[in-house]
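Participant: Prediction below, plus the sequence it came from.
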Amino acid sequence: MGTQDTGVTPAVAVLGGGVMGGTLVAALRAGGWPGDRVTVADQDASKADALAREHDVRVAGNRDAVASADVVLLAVKPDVVPAALAELAPVLRDGALVVSVAAGVPLRVYEDALPAGTPVVRVMPNTPALIGKGASGIAPGAAAGDEHLALVERVLAATGLVVRVAEKHLDAVTALSGSGPAYVFYVIDALAEAGVLLGLPRDLASRLAVATVEGSAAMVARTGDHPAVLRERVSSPGGTTVAGVAALDAHAVRAGLVAGVRAAAERSRELGAS
Ligand SMILES: NC(=O)C1=CN([C@@H]2O[C@H](COP(=O)(O)OP(=O)(O)OC[C@H]3O[C@@H](n4cnc5c(N)ncnc54)[C@H](OP(=O)(O)O)[C@@H]3O)[C@@H](O)[C@H]2O)C=CC1
Ligand SMILES: O=C(O)[C@@H]1CCC=N1
């Protein structure tokens, strides 16, 4: 039956019930996807069972989950992808859409392993998808058309921002927004720790750091102003902020962030090559 619009909500099988598989199951349910149209499978059945209980979805082994799915969502580690594809290829429904969140693994790996003409879409989500504040890039394979991208957008509807990109940009998306929450958590932790160093109670320092990051991000989004312009507005001549930013520059914090994103992109390319 595949993914043609029959009026019935497509059946989604999520293979891999770890951090990202669990996040996507939660987002599907938060977006109103019926629990009986979502099946989760994990090599560790206890993980799949726990997710099924938490989100009121079905649980099955990989092959049974795939055999009844219109959309197969692969959420296993990149090095597990070839084995998972070998397992699912013989039981994949004709016309079913295969979606993978694995970092680095190129579309051609999926297309070579699956029956000719199988539509494949790569997705690079991030963990704030769990609270509807995620950012995902999606890239279509050769047999994936607009209807498949639209279906992936429907699957991701409750995760937050979804942008369509060419596959050649997915390593950069992975490095920037896929891994990005870790950098921001790192910054929040460092800011809060600095507050504690200056004598603030830990809870207060943490709340101030979180509100500052949240408010600053919202201000960029809402005003559309360039972050450098907004930074200038905080920086009184001869004041505290220019002193702080000069110290950040002296410690190469900007260069460090650029190096971090570049290193993550390089690692994504390595994962794809292995
Ligand atoms: N975490 C993140 O922020 C993001 C992750 N991703 C991508 O998501 C994918 C999963 O990452 P993440 O959720 O963090 O990893 P996890 O290790 O948390 O989840 C992977 C799960 O898949 C299970 N598994 C392993 N082999 C199989 C198999 N053959 N069939 C079914 N399940 C299997 C694992 O079991 P076991 O632990 O027993 O091996 C584990 O429960 C990766 O490819 C990653 O690149 C993408 C964007 C963001
Ligand atoms: O660290 C990783 O490899 C995965 C991909 C992007 C975020 N987490």
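Facilitator: Done, it's in. Ligands and ions are numbered 1, 2, ... in the order given.
Participant: per-domain residue ranges of the chain.
Facilitator: Recorded structural domains for the chain (assignment: automatic domain parsing) are 12-170, 180-273.
Participant: right, so those domains: which one is the most enclosed?
Facilitator: Most buried of the domains of the chain by mean neighbour count (mean count of other CB atoms under 10 Å) is domain 12-170; its value is a mean of 19. Glycine gets a C-beta too; all of them are placed from N, C-alpha and C.
Participant: Any idea how many residues pack against the residue of the chain found nearest ligand 2?
Facilitator: As assessed by CB to the nearest ligand atom, ligand 2 sits closest to residue 178 within the chain, at 3.4 Å. Each residue near residue 178 was counted by other CB atoms under 10 Å, and the total is 27.
Participant: Now do the phi/psi pair for it.
Facilitator: Phi and psi for residue 178, reported as degrees, to the nearest 10, are phi -60, psi -50.
Participant: Now do the contacts for it.
Facilitator: 103, 124, 125, 126, 264 (CB atoms under 8 Å, 6 or more residues apart in numbering).
Participant: again, 10 Å this time
Facilitator: Contact partners of residue 178, counting by CB atoms under 10 Å, 6 or more residues apart in numbering, are 20, 101, 103, 123-127, 134-137, 170-172, 264-265, 268.
Participant: if we look at ligand 1, which of the residues you listed are close to it?
Facilitator: 20, 101, 103, 124, 125, 126, 127 (CB under 6 Å from any ligand atom).
Participant: if I've got this straight, the first one is in a helix?
Facilitator: Yes: inclusion of residue 20 in a helix is indicated when DSSP: H, G, I helix; E, B strand; the rest coil is applied.
Participant: Just give the nearest non-adjacent residue to it, would you?
Facilitator: The shortest distance from residue 20 to any non-neighbouring residue, by CB to CB, 6 or more residues apart in numbering, is to residue 75 (4.7 Å).
Participant: ok, that neighbour to residue 143 distance?
Facilitator: From residue 75 across to residue 143, the span is 21 Å (CB to CB, to the nearest Å).
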